[in-house]
Structures are given as C-alpha cells and as structure tokens.
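>>> Pasted the sequence and its predicted model underneath.
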Amino acid sequence: MKNKWYGEAKKLGVLGGGQLGRMMIQSAISYDIHIHCLDPDPLAPCASIAQSFTCGSLNDYDTVMKFGSDKDILTVEIENVNIEALKLLQSQGKKVYPQPEILEIIKDKGLQKQFYLDNELPTAPFQYVSSLADTKEIDLPFVHKLRTGGYDGKGVNVIRKAEDLDTSFDAPSIAEKLIPFKKELSSIVARNENGDIAVFPLVECEFDPEANLVSFLFSPANVSAKIEQEAVNISKNVIEKLGMVGLLAVEFFLTEEDTLLINEIAPRPHNSGHHTIECCLVSQFEQHLRAILNLPLGDTSQTRAGAMLNLVGEKGFNGPVRYDGLEAIIKIPGVYPHLYGKQLTKPYRKMGHITITGSSMDEVREKLMRIEKSIRVISD
C-alpha cells in the first residue's frame, strides 16, 4: 500500500491554486493522482476541482505546516511560499519537490544569479542593490529586478535613462546589464529522484513590452541545431547542479553573437510550456507529476508545430469576464482554448491561453494572426 502513488494511498499537496495547479490536476485525473491545494483566494482556479481545497496564506508558517501535516508529498506552483515550514516538513519525512533549499535560491534573484556564477553557468553581469540610492552610480542602461516577490512581469524595470529610476524599487534588488539580444528562448527540463533527465524542444517567446508578459510562443524555435543542443546541455547542467527533482523552466537570451545567457529559472510548470499539452507526446504537467513521484519520465518529442497565445485582460476592463470572439475561433481546426476559470478580469490578468497547431510553422503563424485579431478578454 505504501508504494502506491495513485488513488487514496498517496496525498499530493500543491502550494498554490492557480492555473498551473489547475492544469496539473487535469493531468493527474488520468492517473487517479489525488491533489489537494492551498491558496489564499477562495475563488482560485483549483478551488472547484481539487480533491480538497484549503483557503489560506502560502507564506504563513502555521498554515503551511498544518496543510502539509497529512500530505505524503508536497510541490508548488509558485515560488513565493514559506520555506521554513517546508524545510521542517521535509525533516519530518515528507517529500518536498522541488526541495525547499532549491526554492530558497530560486525565489531570490540575487541568490539565483550567484548560483550561476558559482557554477560557471552563462548569465548577464549584475550587481547587488540594497536601496534605490545605490542605483545612482550604475551605468545605464540596466535591468532593475526585485530580489524577491516579483511574478508575472512584476518586479522588473528596464532603466534606460535616469528618470526611469523615479518609479523603480527602493528595496533589495539586483541591477543586471541590459543585454542586446535577438531572441528570447525557453527550455523545460525534468529530473526525477533516480536522476533521469528529459528536456522538451526549445521554444521562442515574444513579450508584451508594456505588461512584461509573454504574448506568444512558438515551438519549435527557429534556431540552429547547434543552439538547440547548447540549450539542452545548459538546461541539464542547471538541474543537475541544483540536484533538483521536478520540472524546471530555463529562460534564455540569444545574443547577437549567438551566445546563450540564462535570464531566469522557474522551478515548476511554466507559461512557456503550455503548448506541450497538444504538441508533445507528454505535457509539462504530466512530466512534473512523473518527476516528483519518481516515475519514468515521458517522451518529450514534439508531434506538430505549435504556438500559444496568452489570453490576458484587456486594458480598461474590470469585472465579470467575457471572451469576445471565442465561438469564432473554435471553428478553426487545430485551435485549443484553455480558460482558467477566473471569474473576474482586470488589465493584464492571465485569464487563459489558446494553443494553435498545424503541420508547419507557416500554417500556425497564419492562424495565430487571425485569432489574435478575433478574440478579446473584456468584461460584461
């Protein structure tokens, strides 16, 4: 009974109840894996579909301890959680993946950057900033990043001129050299307890400069086989050096000189892997579950070209959500909407995504152009 990883025999607790947890649950159902969620929002996307749902703070020590007390294994869908509680739960025999000491590094961008330096992993030069006053002497341009608490594009400011500092952070942060790049790429890699590693094909991301969120992604990325292999090698190296169990997203800049630099990493399923549900033999969500349960990792081969369009709340709209144009786009073959179950929209809130598939990237791009013009996330 103890060795069973499915059914009532195993309780899997997820800290966070957002869209990543929701898609994790959708994969778990096929394996009869029982997922229990903790989230501060009583209307979180996981609230209505988890095996059980607890409304509470992810950062409160007592809340996390109580939530984890009857779970066999714990994982996260967001890094901003109470690390000390997870460390104690781990010491009590609970499996916590990714491991708390790794979450501690990754949730702090300063520690994360130091990890790259210590392990000779390629990344942009940076320096620590304790307060806004420290930034006055830094050569422009640079990227100002909060060390902790940033998420979904928040906590990152590009400083091109002195006036940009007027609205930046007066808090512990890092100042990173602004790197001229020609592409932003993302690699998703998984590792289980046995040390087996599998990497998904590289994807190419396009960002909304105002919201600092991914607008689209394309897979496979339009890069050489050499760049693809370098990304695979670096991704494997990162997860091995961390000793991490679970799923890791590694975001890269591809410089004008065709050099890969690590931008950031995320120790969980990631926005840049959503297309894997329709485009790969195994999805990132199933792969994460396989990794943390020490199951054989799935085949990451891509079966068709794909793109993803993020559905975010349009500026000027707050209130009950309406997906204007949804009926029109689902008439198009190879189009797969994923609505996250959030009832209220607001500007730039992630409300869902659409995966577009086709036999070639040209076909996918043509569909994407039509769809982008046809759907709006607004309120009633």
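Yes, it's here.

>>> now what about stretch 261-270, what contacts it?
For stretch 261-270, contacts defined as C-beta atoms under 8 Å, 6 or more residues apart in numbering pick out 20, 23-24, 75-79, 98, 102-103, 106, 109, 112, 116, 121-124, 179, 181, 184, 186, 188, 234, 238, 244, 246-253, 255, 284-285, 288. (Each C-beta comes from the backbone N, C-alpha and C, glycine too.)

>>> For it, C-alpha coordinates in CSV please.
Output in CSV follows, covering the C-alpha atoms of stretch 261-270 (Å, rounded to 0.1, in the frame of the first residue of the first chain):
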residue,chain,number,x,y,z
LEU,A,261,22.7,33.6,-21.5
ILE,A,262,20.4,32.4,-18.7
ASN,A,263,17.9,35.1,-17.8
GLU,A,264,15.9,33.3,-15.1
ILE,A,265,14.7,29.9,-14.0
ALA,A,266,11.4,28.8,-12.6
PRO,A,267,11.1,25.5,-10.5
ARG,A,268,7.6,24.5,-11.7
PRO,A,269,5.4,24.2,-14.8
HIS,A,270,5.7,27.4,-16.8
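
>>> Strands along the stretch 101-250 of the chain, start to end?
126-129, 142-146, 156-159, 173-177, 181-191, 197-199, 203-208, 213-219, 246-255 (DSSP state E, counting those that start in this stretch).

>>> in the longest one, what's buried?
If I follow you right, that is strand 181-191. Neighbour-count burial for strand 181-191, counted by 16 or more other C-beta atoms under 10 Å, picks out 181, 183, 184, 185, 186, 187, 188, 189, 190, 191.

>>> how close does the third one sit to residue 100?
What it means is residue 184. Residue 184 sits at a distance of 29 Å from residue 100 (criterion: C-beta to C-beta, to the nearest Å).

>>> And the last one, by the same measure?
Here residue 191 is placed at a distance of 16 Å from residue 100 (C-beta to C-beta).

>>> could you dump the buried residues of strand 181-191 to JSON lines with distance to residue 68 and pLDDT?
Below are these laid out as JSON lines (distance: C-beta to C-beta, whole Å; pLDDT from 0 to 100):
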{"residue": "181", "distance to residue 68": "40", "pLDDT": "92"}
{"residue": "183", "distance to residue 68": "40", "pLDDT": "94"}
{"residue": "184", "distance to residue 68": "35", "pLDDT": "95"}
{"residue": "185", "distance to residue 68": "35", "pLDDT": "97"}
{"residue": "186", "distance to residue 68": "30", "pLDDT": "97"}
{"residue": "187", "distance to residue 68": "30", "pLDDT": "98"}
{"residue": "188", "distance to residue 68": "26", "pLDDT": "98"}
{"residue": "189", "distance to residue 68": "26", "pLDDT": "98"}
{"residue": "190", "distance to residue 68": "23", "pLDDT": "98"}
{"residue": "191", "distance to residue 68": "22", "pLDDT": "98"}
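
>>> Export the residues you listed as TSV, with columns for distance to residue 306.
Listed next are the buried residues of strand 181-191 as TSV, based on distance: C-beta to C-beta, whole Å:
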residue	distance to residue 306
181	23
183	17
184	17
185	15
186	13
187	16
188	14
189	19
190	19
191	24
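
>>> returning to that earlier point: among the strands of the stretch 101-250 of the chain, which is nearest residue 92?
strand 246-255 (19.7 Å; C-beta to C-beta).

>>> relative orientation of the helix or strand just after that closest one and strand 173-177 in degrees?
The element immediately downstream of strand 246-255 (helix or strand, assigned by DSSP states H and E) is strand 260-266. On the basis of axes from the mean of the first three to the mean of the last three C-alpha atoms, to 10 degrees, strand 260-266 is oriented at 160 degrees to strand 173-177.

>>> tell me what the next helix or strand after strand 260-266 is packed against?
Moving toward the C-terminus from strand 260-266, the first helix or strand encountered (DSSP H and E) is helix 276-279. Packing partners of helix 276-279 (3 or more C-beta pairs under 8 Å, 6 or more residues apart in numbering; DSSP states H and E): helix 284-292, strand 305-312, strand 335-339, strand 350-358.
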